[in-house]
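Undergrad: Sequence and predicted structure below; questions after.
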Amino acid sequence: ETGVTQTPRHLVMGMTNKKSLKCEQHLGHNAMYWYKQSAKKPLELMFVYNFKEQTENNSVPSRFSPECPNSSHLFLHLHTLQPEDSALYLCASSPSPGAGNIQYFGAGTRLSVL
Amino acid sequence: KQEVTQIPAALSVPEGENLVLNCSFTDSAIYNLQWFRQDPGKGLTSLLLIQSSQREQTSGRLNASLDKSSGRSTLYIAASQPGDSATYLCAVRHRGGSEKLVFGKGTKLTVNP
C-alpha cells in the first residue's frame, strides 16, 4: 500500500451521467495530483493542488472538475463525458510540489464511458 | 515540447538474465528523471530518481544511469526474477518550476520462470 487510496476502482458511466472519483492520502502530504492514462498513450498530468489551491491545469476540458477540500482529499467530478475519456485515472501525492519530491500514486480508477 | 520515448515497448526474458531498458528524451533541460514500476491493477511505484547533476543511482538489483547531454537514461536489472514482471515507466521533470512529469509509454517486461 502506498498510502494513497482511490475509489471506486472501476466505474462505468453513460455520457449523460454525473459521477465523482475520490482520492485520499494518509501520508501527511500537501500536494496532490490527477493523472490520466489512456490506452497506448503516455501518462498525462491533469491537475496539481498545493495546500488545497490549484496550481496547474494542463488544458483539461471543463467536463472534468477537480475539487480539493483539504490536503488529504482530492475529487474529480465528471459530467457529460465522451467515450474517448475512458481511461485509468491516477491520483498521486507528494510532501510538497518541489521538484525533488517523489510522488506516491494510488491504484487508480478504471473509467469506461459508454 | 518534451517527448519521452521508451524502447522496447515489450520485452520477454528468461529468469536470471540481466537486462537493460532504454529511455530517451528530446529536451535536455531537465530537473530530474524517474523510473517507475506499474503492476496490473495497481498504481505506480517509484524505483529510482536521478537528479540532473547525477550520473547514476542504484537500489538493490536496479541501476539507472543518466546522460543528460545525449538525452538518454537506462535502467539495468540484474539477475531478473519473475516478480520483476511489470511495466516500467520513465518520466522527466522539466526545469522551470512546473510540477509536470512527462512520461514515456513504458516497457512491458515479462520474466519467464
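TA: That came through, no problem. Only a predicted model underlies this, so the values are computations on that prediction, with no experimental measurement involved.
Undergrad: For residue 102, grab the count of nearby residues.
TA: Because you didn't say which chain, this covers chain A. Neighbour count of A:Ile102, defined by other CB atoms under 10 Å in any protein chain shown: 15. Bear in mind the C-beta positions are built from the backbone N, C-alpha and C, glycine included.
Undergrad: Actually, chain B is the one I wanted.
TA: 22.
Undergrad: phi, psi of it?
TA: phi -100, psi 120 (degrees, to the nearest 10).
Undergrad: Might you report the residue contacts of residue 15?
TA: Using chain A here. Counting by CB atoms under 8 Å, 6 or more residues apart in numbering or on different chains, A:Met15 touches A:Thr80, A:Leu81, A:Gln82, A:Pro83, A:Val113, A:Leu114.
Undergrad: Correction: the question concerned chain B.
TA: Remark: with contacts taken as CB under 8 Å, 6+ apart, B:Glu15 is in contact with B:Ser80, B:Gln81, B:Pro82, B:Val111, B:Asn112, B:Pro113.
Undergrad: hang on, A:Lys18 packs against A:Leu78?
TA: Yes - counting by CB atoms under 8 Å, A:Leu78 is a contact partner of A:Lys18 at 6.7 Å.
Undergrad: Which one of those two is surrounded by more residues?
TA: A:Leu78 (20 against 12).
Undergrad: Can you name the residues of chain B sitting close to chain A?
TA: Residues of chain B that fall close to chain A, judged by CB under 8 Å from any CB of the partner chain: B:4, B:31-32, B:34, B:36, B:41-46, B:49, B:51, B:89, B:91, B:93, B:97-106.
Undergrad: Counting neighbours, which of those residues end up buried?
TA: Neighbour counting over the residues of chain B next to chain A (16 or more other CB atoms under 10 Å in any protein chain shown) leaves B:4, B:31-32, B:34, B:36, B:43-46, B:49, B:89, B:91, B:93, B:98-106 as the buried ones.
Undergrad: State the distance from the residue of chain B found nearest chain A to A:Gly28.
TA: Nearest residue of chain B to chain A, counting by CB to the nearest CB: B:Gly43, 3.6 Å away. Note on B:Gly43: its distance to A:Gly28, by CB to CB, to the nearest Å, is 18 Å.
Undergrad: give me the residue from chain A nearest chain B.
TA: Closest residue of chain A to chain B, CB to the nearest CB: A:Phe105 (3.6 Å).
Undergrad: Excluding covalently adjacent residues, which one is nearest to that residue?
TA: Of all residues not flanking A:Phe105 in the chain, B:Gly43 sits nearest, at 3.6 Å (CB to CB, 6 or more residues apart in numbering or on different chains).
Undergrad: show me the contacts for that neighbour.
TA: B:Gly43 neighbours (CB under 8 Å, 6+ apart): A:Thr2, A:Val4, A:Gln6, A:Leu90, A:Ala92, A:Phe105, A:Gly106, A:Ala107, A:Gly108.
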